[in-house]
Every structure is written in C-alpha cells, then in structure tokens.
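**Student:** sequence first, predicted model second:
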Amino acid sequence: MENHKNPLQYFEDLLEYNKVDELKDDFIRKANEEFNNYIENIDVNKGIITYLNTYFDSDAKGISSTSFESTFIITLYSEFQKSKLFINDYVFNNPDNYLPFLYHQGEALQYLINRGESTIIKYSVILKPILGIQRYINEKYLYNQEKQINIDLSHVETNQLLELTNYNNDTEIIEIILGYLKGNNDKREKIMSDEQYHLMINNITYYLDNERLPENIQKISHLKIPKNLLRFTFWVLHKQLFTTSQIKDDFLHLIKSMFSDFNNWEFSTFKTKFGNRDKVTIHGKKFVPEIIKIEFRNRS
C-alpha cells in the first residue's frame with residue numbers, strides 16, 4: 001500500500017509483527033561491530049552499550065554509552081513527521097472527501113494499541129507518535145467537527161506512560177537537540193546566556209509557525225562551543241524537523257542571521273559545510289546530547 005494511503009504503515013509493521021525486539025538486537029549487533037574491542041559492557045535487555053572513549057581518541061579517558069532507546073526515539077519522531085506529511089498530502093489531494101480517511105486513521109491507531117499492547121508496555125515511547133498523530137489530526141483537521149478521534153488507553157495506561165504520551169508539536173524535538181546550549185560546555189563555561197537561548201528558540205518557533213523569517217533578527221554573540229559543532233547541531237535539527245535531505249535555504253538564512261559565529265562565512269560555504277562532519281569534535285564531550293552523537297556517527 002502506498003504511504004499516502006496508509007500513513008501508519010511503519011507503525012503497523014512495528015507493532016503487528018513485533019519488530020521492536022528485532023530492531024534492538026540489530027542495534028546491539030551493529031554497535032558490537034562498530035565499537036568491537038572498545039566495549040566495556042553490553043546490557044542486552046536494555047540495549048545499552050558502554051564503550052571506552054579511546055575508541056575516538058587514543059589519549060581520551062573514561063567511558064561513554066549509547067542506547068537503543070535513544071536511537072529508537074529519533075526513528076519514531078522521524079516516522080511521526082513522515083506520517084503527518086502523508087496525511088497532509090491526502091487531504092490536499094482530496095479536499096472534498098478526506099474526513100472518512102481521517103476517521104479511519106483513528107480506528108487504525110486504536111487497533112495498533114490493542115494489537116501491540118505488550119510491546120507498548122515494554123517500549124512505552126511508541127505511544128508518543130501514536131498519540132501525536134491523533135492530536136495532530138484533531139487539532140489541524142477536526143477542530144470544528146462534532147466528532148474527533150478518541151483513543152482508549154485503558155489497557156496500557158500507567159502513570160509512567162501518561163508522562164510520555166504526546167509530542168508537543170515540534171517543541172520537544174527542539175528541546176532534545178538544542179537544550180544543551182543553555183547549559184555548560186566541557187570547561188564548565190555557560191554556552192550561551194538564558195536570554196540568548198530564549199531569543200534563539202523564539203526565532204526558530206516563529207519561523208516554524210509562520211514559514212518565514214522573523215523581521216529584524218537580533219544577533220546572538222559568540223557561543224562557548226566550536227562553530228562547527230553549532231552548525232552540525234542545526235543540521236541535526238533540520239533533519240528531524242523536515243525529514244528531507246534537501247536543505248531549506250530559508251532555514252539556513254535564519255541560522256546564519258542569528259549567530260555572529262557565522263558572520264565570516266559566505267552563504268554558499270555555510271550550505272556546503274552544513275551537515276559535514278569535518279572539524280566537528282564530539283569525542284568525550286558529555287554535554288553533547290546523544291541524538292547529535294548518533295547522527296555524527298551515522299554520517300561517517
């Protein structure tokens with residue numbers, strides 16, 4: 001079935017055929033091959049790999065870890081974004097007859113929860129995209145309809161699950177990727193002021209909500225991290241928000257306009273370097289979030 005007719009295809013495959021354990025085993029196998037002799041410990045049940053930092057740098061000390069859940073969360077968010085695009089595509093192409101299709105998605109979501117009960121209880125993060133899709137349809141397309149999509153969670157509902165159940169539009173993924181910028185670097189220096197951080201988030205949110213750049217963008221002064229790490233961070237954000245390999249020029253203009261760190265780069269240079277690993281250093285930098293480290297490794 002074509003995805004624009006079935007935007008839940010990925011989640012159906014995941015839950016109907018119980019593929020999550022299979023994905024976890026595959027993650028462990030690949031990590032075992034990648035880190036090889038540098039592995040300190042493997043927690044097979046939780047899918048956590050602990051490895052020596054000498055994997056990156058022979059002079060590095062200490063250990064780091066990577067987990068299946070951290071990679072799975074990224075995959076789920078990406079598939080959630082794709083599902084929204086497929087739904088939008090269907091509504092756009094069927095402007096006079098899309099309601100039956102949307103209500104069918106609600107029935108399909110309920111079926112997935114009922115069918116995948118044991119998997120959801122074991123991997124509760126799966127509820128995030130499922131309920132995210134429900135909320136997206138209700139708020140974007142059914143807000144003025146008498147009937148909205150309701151989902152029964154009584155079979156899987158726990159206090160822990162309730163804390164995990166929904167994406168808040170793009171806010172959560174922005175916080176996951178950019179949140180470290182309001183903290184300290186490896187020298188315990190504050191990376192950027194709280195005022196700068198809020199200014200950055202407000203600019204990004206405005207751009208996403210209005211699909212255009214804010215007027216009179218105020219420059220953010222030099223951050224206490226390398227500018228190559230900064231631009232790679234925003235490449236990761238671009239990938240997660242837009243789920244496309246084609247770079248959005250207006251997004252690049254936004255980032256370049258916000259940060260004085262990029263003043264000396266021509267736009268063409270910035271675009272060429274945007275998702276490049278060259279001169280990006282994350283080895284031993286515990287303050288860098290796992291999602292960026294994963295994307296860094298995947299770019300090799």
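**Tutor:** That came through, no problem.
**Student:** could you use CA atoms for every contact and neighbour count after this?
**Tutor:** Fine.
**Student:** how far is the helix or strand hosting Gln81 from where the chain is centred?
**Tutor:** In this structure, Gln81 sits in helix 68-93 according to DSSP states H and E. Relative to its chain's centre, helix 68-93 lies at 10 Å (C-alpha atoms, centre = their mean, to the nearest Å).
**Student:** which SS state does Lys271 fall under?
**Tutor:** helix (DSSP: H, G, I helix; E, B strand; the rest coil).
**Student:** pretty sure it sits against His253.
**Tutor:** No - taking C-alpha atoms under 8 Å as the definition, Lys271 is not a contact partner of His253, at 9.5 Å.
**Student:** got the domain ranges for the protein?
**Tutor:** The chain resolves into domains spanning 1-167, 171-298 when parsed by automatic domain parsing.
**Student:** worst average pLDDT in those domains?
**Tutor:** Ranked by mean pLDDT, those end with domain 1-167 at the bottom, a mean of 86.
**Student:** hang on, the earlier thing: which one of Lys271 and His253 is surrounded by more residues?
**Tutor:** Relative neighbour count places Lys271 above the other of Lys271 and His253, with 19 against 14, counting by other C-alpha atoms under 10 Å.
**Student:** mind listing what the more buried one touches?
**Tutor:** Leu252 (C-alpha atoms under 8 Å, 6 or more residues apart in numbering).
**Student:** ok, Leu223 next?
**Tutor:** Ile191, Met192, Asp261.
**Student:** any chance of a markdown table for those residues, columns distance to Val20, neighbour count and secondary structure?
**Tutor:** Shown next, in a markdown table, are the contacts of Leu223 (distance: C-alpha to C-alpha, whole Å; neighbours: other C-alpha atoms under 10 Å; DSSP: H, G, I helix; E, B strand; the rest coil):
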| residue | distance to Val20 | neighbour count | secondary structure |
| --- | --- | --- | --- |
| Ile191 | 37 | 20 | coil |
| Met192 | 38 | 20 | coil |
| Asp261 | 41 | 20 | helix |
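**Student:** between those residues, which is closest to Lys24?
**Tutor:** Ile191 (34.2 Å; C-alpha to C-alpha).
**Student:** hang on, the closest one packs against Pro226?
**Tutor:** No - counting by C-alpha under 8 Å, Ile191 stays clear of Pro226, with 10.2 Å between them.
**Student:** ranges for the helices of this structure?
**Tutor:** For the chain, applying DSSP state H gives helices covering 9-16, 20-35, 68-93, 99-115, 117-122, 127-140, 159-162, 171-178, 194-210, 227-242, 249-258, 267-273, 290-298.
**Student:** any chance of those in a markdown table, with distance to Val44 too?
**Tutor:** A markdown table is the format used below for the helices of the chain (distance: least, C-alpha to C-alpha, whole Å):
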| stretch | distance to Val44 |
| --- | --- |
| helix 9-16 | 20 |
| helix 20-35 | 7 |
| helix 68-93 | 10 |
| helix 99-115 | 25 |
| helix 117-122 | 14 |
| helix 127-140 | 23 |
| helix 159-162 | 23 |
| helix 171-178 | 25 |
| helix 194-210 | 38 |
| helix 227-242 | 28 |
| helix 249-258 | 40 |
| helix 267-273 | 37 |
| helix 290-298 | 19 |
